[in-house]
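**Student:** I'd like to go over a predicted model; first the sequence, then the structure.
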Amino acid sequence: MQRSLNETKMITHQVIPKKRWRNKVISEKTLEIVKSTSPILAKEGEAITQLFYKKLFANHPELKNIFNMTNQSKGEQARALADSIFQYAVHIDKLEALGDAVNRIAHKHASLQVAPEHYPIVGKFLLEAIQEHLSLPDNDPVLTAWAEAYGALAAIFVNTEEAIYKDNEEKLGGWRGDREFVITDIKQEGDDIRSLYLSSKDGQPIASFLPGQYVGIKIMPDNAEFTEIRQYSLSNAPNNHTYRITVRAETHSGNPAGIVSHFLHQLTVGDTLLLQPPTGEFIIKEANDNLTFIAGGVGITPLISMLLDKIEKEEDVSNVTFIQCCRDKTHHIFAEELKSLQEKHGFKYLVSYEQGSGADTEGRLTAEQLNQWLENKQAPVYFCGPKPFMAEINRTLQKIGFNEEQLHYELFGPTLALD
């Protein structure tokens, strides 16, 4: 079905044009000093950011309501921040090169309700960590330069995030901050995987979204001191009345590992959740009927939303290839839904099980198998799943002839390079 003009307007995607990102207020001396620190940051960045987080949470424990403390304990957040700071130092004289990364991080920040007043706090303890770890005296030129550079970067994020908040607030059915949603239905999709269907508690319309985007969900676990916020991709086609999220109960060695996912698996129809508006940069970027989707496990969620949206808009999907990789038959998410859609709409649907029969192939996807399935090496490819899975798919696709510009993926955790 075709969207009306109002529907089209309400799902605009807000970004700050890259041409605005060259900040003229940064002095040439600062540019030179910051760039000169990039080799130090490459070596010492993770230690600096670990010290930064230690200082930050010791002085402002309330910020644990925003940060994912599981990622903190794994060290992933410190590594991601260290890499971001390093990239900023390298590209500070050509900030437009960081455009996609800044937009991606800004959308994540928006789902966490990061506010302008948080940036001076972060800046204070980041500079303290740099000074302490590198044993720099007060008023050292490096500290002065990084204070100026951080201020410029903070301004970019504040402006970008405010544009996202404002855009989400002004949409039909949009809002800013928390909004209460009620679970209207629950469907078991496989072992330890369930879909929750969510509608606004006030009964009013909800903001539509771009296929591939996610919502931030805020909970207060039992006996917890701080709230927990996680992002879940929307797995249904965009509309103005229902969101669907599909959640796997994370486990490690047979024991519960995901605080939020296990909390969500204990909920029942009628329970409520707090949501932030849909955000995210993992969206279809090309007007192209020749698309390939490759899903690993619960990473199928943003990809099935993209497929469902194309079908609902009555677009031709006969040239679409949808590859789904599952552990086994019991972990085959949306199996009946996808088989029914394939029979009705004629896209190419292929399934791989790591173990067990019943799929088109068994075992991990090989270069030979993908080369056989993907004859059109010019088609854009969108893939999502566990990070090791995506790293392998990324390498394999480039090995069989796809170039990096054709490949688009979504990381569920901190923004780290796939490899």
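**Tutor:** Everything's here; your move.
**Student:** Pull out the buried positions in stretch 223-233.
**Tutor:** Of the residues in stretch 223-233, those with enough neighbours to count as buried (16 or more other Cβ atoms under 10 Å) are 228, 229, 230, 231, 232, 233. Backbone N, C-alpha and C define where each C-beta goes, glycine included.
**Student:** nope, stretch 70-78 is what I was after
**Tutor:** For stretch 70-78, a neighbour-count test (16+ other Cβ under 10 Å) marks 70, 72, 76, 77, 78 as buried.
**Student:** Redo these as TSV? Include secondary structure and pLDDT.
**Tutor:** Putting the buried residues of stretch 70-78 into TSV (DSSP: H, G, I helix; E, B strand; the rest coil; pLDDT from 0 to 100) gives the following:
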residue	secondary structure	pLDDT
70	helix	72
72	helix	72
76	helix	75
77	helix	77
78	helix	78
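**Student:** Between which two of those is the distance greatest?
**Tutor:** Greatest spacing in the buried residues of stretch 70-78, by Cβ to Cβ: 70 and 78 (13.0 Å).
**Student:** got any ranges where the stretch 201-350 of the chain has weak pLDDT?
**Tutor:** 251-257 (pLDDT under 70).
**Student:** mind listing the helices for it?
**Tutor:** 259-265, 300-312, 335-345 (DSSP state H, counting those that start in this stretch).
**Student:** Tell me the helix or strand right after the longest helix seen in the chain.
**Tutor:** When the chain is parsed with DSSP state H, its longest helix is helix 141-170. As assigned by DSSP states H and E, the chain's next helix or strand after helix 141-170 is strand 179-190.
**Student:** pull the CA atoms of the helix or strand following that next one into CSV?
**Tutor:** Next in sequence after strand 179-190, counting helices and strands by DSSP H and E, comes strand 193-200. Output of strand 193-200 as CSV, limited to C-alpha atoms (Å, rounded to 0.1, in the frame of the first residue of the first chain):
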residue,chain,number,x,y,z
ILE,A,193,12.8,-16.6,21.7
ARG,A,194,9.5,-14.7,21.9
SER,A,195,7.9,-11.7,20.2
LEU,A,196,6.2,-9.0,22.2
TYR,A,197,3.5,-6.9,20.6
LEU,A,198,3.3,-3.4,22.1
SER,A,199,0.7,-0.6,21.8
SER,A,200,0.5,2.7,23.6
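**Student:** Residues touching strand 193-200, excluding its own?
**Tutor:** Strand 193-200 has contacts (Cβ atoms under 8 Å, 6 or more residues apart in numbering) with 173, 179-189, 206, 235, 241-249, 264-265, 267, 273, 275, 298, 331, 333.
**Student:** wait, which of the buried residues of stretch 70-78 is closest to residue 61?
**Tutor:** For the buried residues of stretch 70-78, the nearest to residue 61 is residue 72 (12.4 Å; Cβ to Cβ).
**Student:** so who does the closest one touch?
**Tutor:** Contact analysis of residue 72 by Cβ under 8 Å, 6+ apart lists 53, 78.
**Student:** show me the contacts for the nearest residue to residue 284 once chain neighbours are set aside.
**Tutor:** Spatial nearest neighbour of residue 284, chain neighbours left out: residue 306 (5.7 Å); criterion: Cβ to Cβ, 6 or more residues apart in numbering. Taking Cβ under 8 Å, 6+ apart as the criterion, residue 306 is in contact with 211, 212, 284, 291, 293, 382.
**Student:** Same check on residue 110?
**Tutor:** Residue 110 makes contacts with 161, 164, 165, 168, 216, 276, 277, 279, as judged by Cβ under 8 Å, 6+ apart.
**Student:** the inter-axis angle of the strand or helix carrying it versus helix 141-170?
**Tutor:** Assigning secondary structure by DSSP H and E places residue 110 in helix 99-112. For helix 99-112 against helix 141-170, the angle by axes from the mean of the first three to the mean of the last three Cα atoms, to 10 degrees is 60 degrees.
**Student:** I'd like the average pLDDT over helix 99-112.
**Tutor:** Averaging pLDDT along helix 99-112 yields 88.
**Student:** just checking, next helix/strand downstream of that helix?
**Tutor:** Downstream of helix 99-112, the first helix or strand assigned by DSSP H and E is helix 118-134.
**Student:** and that following helix, what does it pack onto?
**Tutor:** When contacts are defined as 3 or more Cβ pairs under 8 Å, 6 or more residues apart in numbering; DSSP states H and E, helix 118-134 packs onto helix 38-59, helix 141-170.
**Student:** Can you check which of the ones you listed gets nearest to residue 320?
**Tutor:** Nearest of these to residue 320, taken as Cβ to Cβ: helix 141-170 at 29.0 Å.
**Student:** So residue 67 belongs to a helix, correct?
**Tutor:** No - assigned with DSSP: H, G, I helix; E, B strand; the rest coil, residue 67 falls outside any helix and is coil.
**Student:** who are the neighbours in contact with residue 402?
**Tutor:** With Cβ under 8 Å, 6+ apart, residue 402 has these contacts: 377, 381.
**Student:** cool, residue 272 as well?
**Tutor:** By Cβ under 8 Å, 6+ apart, the contact set of residue 272 is 180, 181, 182, 183, 201.
**Student:** what number of residues lie near the first one?
**Tutor:** Residues contacting residue 180 under the criterion other Cβ atoms under 10 Å number 11.
**Student:** what's the answer for the third one, then?
**Tutor:** The number of residues packed near residue 182 is 16, by other Cβ under 10 Å.
**Student:** For it, which non-adjacent residue is closest in space?
**Tutor:** residue 201 (4.8 Å).
**Student:** go on, the second one?
**Tutor:** Closest residue to residue 181 apart from its sequence neighbours, by Cβ to Cβ, 6+ apart: residue 198 at 4.3 Å.
**Student:** What distance do you get for the residue in the chain sticking out farthest from the centre to residue 124?
**Tutor:** For the chain, the largest distance from the centre (Cα atoms, centre = their mean) belongs to residue 137, which lies 38.8 Å off. According to Cβ to Cβ, to the nearest Å, residue 137 stands 18 Å off from residue 124.
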